[in-house]
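build the 3D model from these lines:
(2 chains)
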Amino acid sequence: MAKHPSQVQHTTLLPAARTKILGRWGLLKDIRKNPWLYIMLTPVLLYFTVFNYYPMYGALIAFKDFSPRLGIMGSPWVGWEHFESFFQGIYFWRVIKNTLLISFYELVFGFPAPLILALLLNEVRKTVFKRTVQTLTYMPHFISLVVVCGIIKEFTMSDGIINDLLSFFGWERVSLLLESEYFRTIFISSGIWQNIGWGTIIYLAALSGIDQEQYEAARMDGASRWKQMHHVTLPGILPTIIILFILEMGRIMNVGGEKIILLYNPSIYDTADVISSYVYRMGLQEFDYSFGSAVGLFNSAINFTLVICSNWLSRKMNNTSLW
Amino acid sequence: MMRRREGASIGGKIFDVFNYTLLTVLTICTLYPLIYVLFASLSEPTLYMQHSGILWKPLHFNFNAYRLVFENPMIIRGYLNTFIVLAGGLVLNIILTAFGAYALSRKGLRYRKQLMLFIVFTMFFNGGLIPLYFTVKGLGLTNTLWSLIIPQAISAFNLIIMRTAFEAVPDSLEESAKIDGANEFVILFRIMIPLCMPVMAVMLLYYGVSHWNSWFNAMIYVQDRSLYPLQLVLRELLLLNDASSMATGASGGEVAVIGETLKHATIIVATVPILFVYPFLQKYFVKGAMIGAIKG
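A predicted model of the protein is given here:
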């Protein structure tokens, strides 16, 4: 039972209730004092509410049999049914395996590539040469994804340049994007091509932060360049490497679907289909809205957990974290 | 970074030769795909079809493919739509991000911590693709260019970067402006933004690049082909085997042949504007990458 206002006035307010009411007064007072600040804040909060929080509420359709006609509330509840049919479905292991394998190869090959390039660039003493290499290797980063995939498709066709070159060595021409065994190689290597230069920026910044006197001292002790790299350079940028690696680990279930959707086709689904492309196909191409949402929600939950864990780990090891 | 003049040892010299060679080869490998596309686009289609392997120069240099690209109404339309989205989107992006960043950079703001959490949380958890699709659809934005502008109005990540920049501006400037009777709007647009120009440039670049590259949103939200942004047109032309619709001016037999060089010319037309402005903006891009790296 709610008390009548007159009764409240007579009873002594509990401290918690008092601060709450005072806090509310404070907010009102603050709004009157700085109205413009709150006018600025309103559209921003509205944006996040509508385009981030409302869809979180909309994710409830993962537990329903959603039909646009009935709306989110009107559609009947089905509980965990869609999750169960995803876990038991024949494609569950395929998309999980493909997502993890692509991430794994990305970590093994894609992650060290910019680090190695940065170490090589760090040994260059001719500034002009260094700048030129940097500027030119950054370039592919600025080509749009659609165009990059267009180039990949042109190059991997059976009469494309890659087949031209391989056929010198007696290779039989095949359309590489139609063979599932080549998809990961194409995906990872084109990713390296696009991002190797760009990825060096952060390492080069870390390298320039290393105290030059350490090199001086190492040279005094007669350390060769290899030894200097081993004992001064690498330890100097190790924290950066570890952070980037941990953050990368937090993304292992988060393979972006856009490049995959641009490149794949039904004949290579068995290696190319990942969770995000599966969500798109089931939800928006085959109109199984609730099932697609369930898979998407499952993936969001896992990604969230992984990011929290990797962030916790990075804070533990380096005192550096995202927040 | 002038240091280590010790390369006199033989091992050091060998390493230098090896290093410079490797980096040169690597740079050439990075660039060659683009050069190949350029040469192919300038070649005679029939000669290009017969050719196999590396192209060292255009085969019978000509601009025919480019003429056809610019005659294609879809590409012109796509460029136009992309520029509309870029112009409208960037204005909205900068204003709203600055509003949020400024309000949240004020230390006196009530519930500041909770509001930050409200925004940061969206970076790590989302409701997924399909609920978002229905939200945009429910607002009646689908099949309009607004669907490419409004749902992308604020990036939480950029807001945090901008907030950090605003926080670094000394409070005294704001206080003296307030004494002079300036309200928050005036302070934001007359003091904060002009003082944080390098960060604003980075923001423009970040938002600009994401609008320029975006195709997925257009694919799910826009059905009307006359509203396709450039990237979606490119997807049709380059990836969906739709070369026949490209060569509007060519007769049936020529289409298959010219389609090859046409694709390459399309790639160049879609890429050159970016690669052309990029060297001038590189400084800001690098700055942006650094800010981004520090924040996460």
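
switch to C-alpha atoms for all contacts and neighbour counts from now on
OK.

the residue in the stretch 101-250 of chain B positioned nearest to chain A: what secondary structure?
Residue nearest to chain A within the stretch 101-250 of chain B: B:Gly127 (3.9 Å; CA to the nearest CA). Under DSSP: H, G, I helix; E, B strand; the rest coil, the three-state class of B:Gly127 is coil.

for the residue nearest the centre of chain B, give me its contacts.
The residue lying closest to the centre of chain B (CA atoms, centre = their mean) is B:Val209, at 1.8 Å. Contacts for B:Val209 (CA atoms under 8 Å, 6 or more residues apart in numbering or on different chains) come out as none.

name the element it belongs to?
Using DSSP states H and E, B:Val209 sits in helix B:197-213.

and A:Ser224, its phi and psi?
Note on A:Ser224: backbone dihedrals following degrees, to the nearest 10 are phi -70, psi 170.

for the chain, which helix extends over the most residues?
All of this is about chain A. When chain A is parsed with DSSP state H, its longest helix is helix A:289-318.

actually, chain B is the one I wanted.
Under DSSP H, chain B gives helix B:252-295 as its longest helix.

name the helices or strands packed onto it?
Judged by 3 or more CA pairs under 8 Å, 6 or more residues apart in numbering or on different chains; DSSP states H and E, helix B:252-295 is in contact with helix A:145-156, helix A:183-208, helix B:10-41, helix B:45-50, helix B:64-71, helix B:156-167, helix B:197-213, helix B:243-246.

and the nearest residue to A:Cys309 once chain neighbours are set aside, its phi and psi?
The shortest distance from A:Cys309 to any non-neighbouring residue, by CA to CA, 6 or more residues apart in numbering or on different chains, is to A:Gly250 (7.4 Å). A:Gly250 adopts backbone torsions of phi -70, psi -10, taken as degrees, to the nearest 10.

domain ranges for chain A?
Structural domains assigned to chain A are A:14-79, A:89-318, following automatic domain parsing.

how far does the last one sit from its chain's centre?
Relative to the chain's own centre, domain A:89-318 is displaced by 11 Å; criterion: CA atoms, centre = their mean, to the nearest Å.

and it, what's its mean pLDDT?
Mean per-residue pLDDT for domain A:89-318: 91.

what helix or strand does the residue of the stretch 151-300 of chain A found nearest chain B sit in?
When scored by CA to the nearest CA, the stretch 151-300 of chain A has A:Asp164 as its residue closest to chain B, at 4.9 Å. Assigned by DSSP H and E, A:Asp164 belongs to helix A:161-167.

and for B:Cys29, the neighbour number?
Applying other CA atoms under 10 Å in any protein chain shown, we find 13 residues neighbouring B:Cys29.

what do you get for the one 10 residues further on?
Counted with other CA under 10 Å, the burial measure for B:Phe39 works out to 20 neighbours.

repeat that for B:Asp180.
B:Asp180, neighbours per other CA under 10 Å, totals 9.

and the closest residue to A:Ala206 other than its chain neighbours, what is it in contact with?
In space, and not counting its chain neighbours, A:Ala206 is closest to A:Ile237: 5.9 Å by CA to CA, 6+ apart. A:Ile237 makes contact with A:Tyr203, A:Ala206, A:Leu207, A:Ile210, according to CA under 8 Å, 6+ apart.

sorry, back to before: next secondary structure after the helix holding B:Val209?
Next in line after helix B:197-213, if elements are assigned by DSSP H and E, sits helix B:216-221.

what does that following helix rub up against?
Here helix B:216-221 makes contact (CA under 8 Å, 6+ apart) with A:258, A:284, B:133, B:137, B:141-144, B:147-148, B:228-229, B:232.

again, only using 6 Å
Helix B:216-221 is contacted from outside by B:Thr142, B:Asn143, using CA atoms under 6 Å, 6 or more residues apart in numbering or on different chains.

let me see the mean pLDDT of the following helix or strand past that helix.
Moving toward the C-terminus from helix B:216-221, the first helix or strand encountered (DSSP H and E) is helix B:230-234. Across helix B:230-234, the average pLDDT comes to 94.

show me what helix B:230-234 is packed against.
With contacts defined as 3 or more CA pairs under 6 Å, 6 or more residues apart in numbering or on different chains; DSSP states H and E, helix B:230-234 has these neighbours: helix B:73-105.

in the helix it packs on, which residues are buried?
B:74-83, B:85-86, B:88-90, B:92-105 (16 or more other CA atoms under 10 Å in any protein chain shown).

continuing past that helix, what's the next helix or strand?
helix B:112-124.

angle of that following helix against helix B:73-105?
For helix B:112-124 against helix B:73-105, the angle by axes from the mean of the first three to the mean of the last three CA atoms, to 10 degrees is 150 degrees.

just how off-centre is helix B:112-124 within its chain?
Distance, centroid of helix B:112-124 to centroid of chain: 26 Å (CA atoms, centre = their mean).

in the helix or strand just after it, what's buried?
Downstream of helix B:112-124, the next assigned helix or strand under DSSP H and E is helix B:129-138. Residues of helix B:129-138 classed as buried: B:Leu129, B:Ile130, B:Pro131, B:Leu132, B:Tyr133, B:Phe134, B:Thr135, B:Val136 (neighbour count, 16+ other CA under 10 Å).

show me what helix B:129-138 packs onto, helices and strands only.
helix A:54-58.

list the buried residues in the helix it packs on.
Neighbour-count burial for helix A:54-58, counted by 16+ other CA under 10 Å, picks out A:Tyr54, A:Pro55, A:Met56, A:Gly58.

does chain B sit close to whichever helix or strand comes after that helix?
Using DSSP H and E, the helix or strand that follows helix A:54-58 in sequence is helix A:71-74. No - on the criterion CA under 6 Å from any CA of the partner chain, helix A:71-74 is out of touch with chain B, staying 9.6 Å away.

CA-only coordinates of stretch A:33-40 in PDB, if you can.
The C-alpha trace of stretch A:33-40 is given here as PDB (Å, rounded to 0.1, in the frame of the first residue of the first chain):
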ATOM      1  CA  LYS A  33      20.900  25.600 -14.100                       C
ATOM      2  CA  ASN A  34      22.300  24.100 -17.300                       C
ATOM      3  CA  PRO A  35      19.300  23.500 -19.600                       C
ATOM      4  CA  TRP A  36      21.500  23.400 -22.700                       C
ATOM      5  CA  LEU A  37      23.600  20.600 -21.400                       C
ATOM      6  CA  TYR A  38      20.500  18.400 -21.100                       C
ATOM      7  CA  ILE A  39      19.100  19.500 -24.400                       C
ATOM      8  CA  MET A  40      22.300  18.200 -25.900                       C
END
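
relative to the whole chain's centre, how far out is it?
So, by CA atoms, centre = their mean, the centroid of stretch A:33-40 is 35 Å from its chain's centroid.
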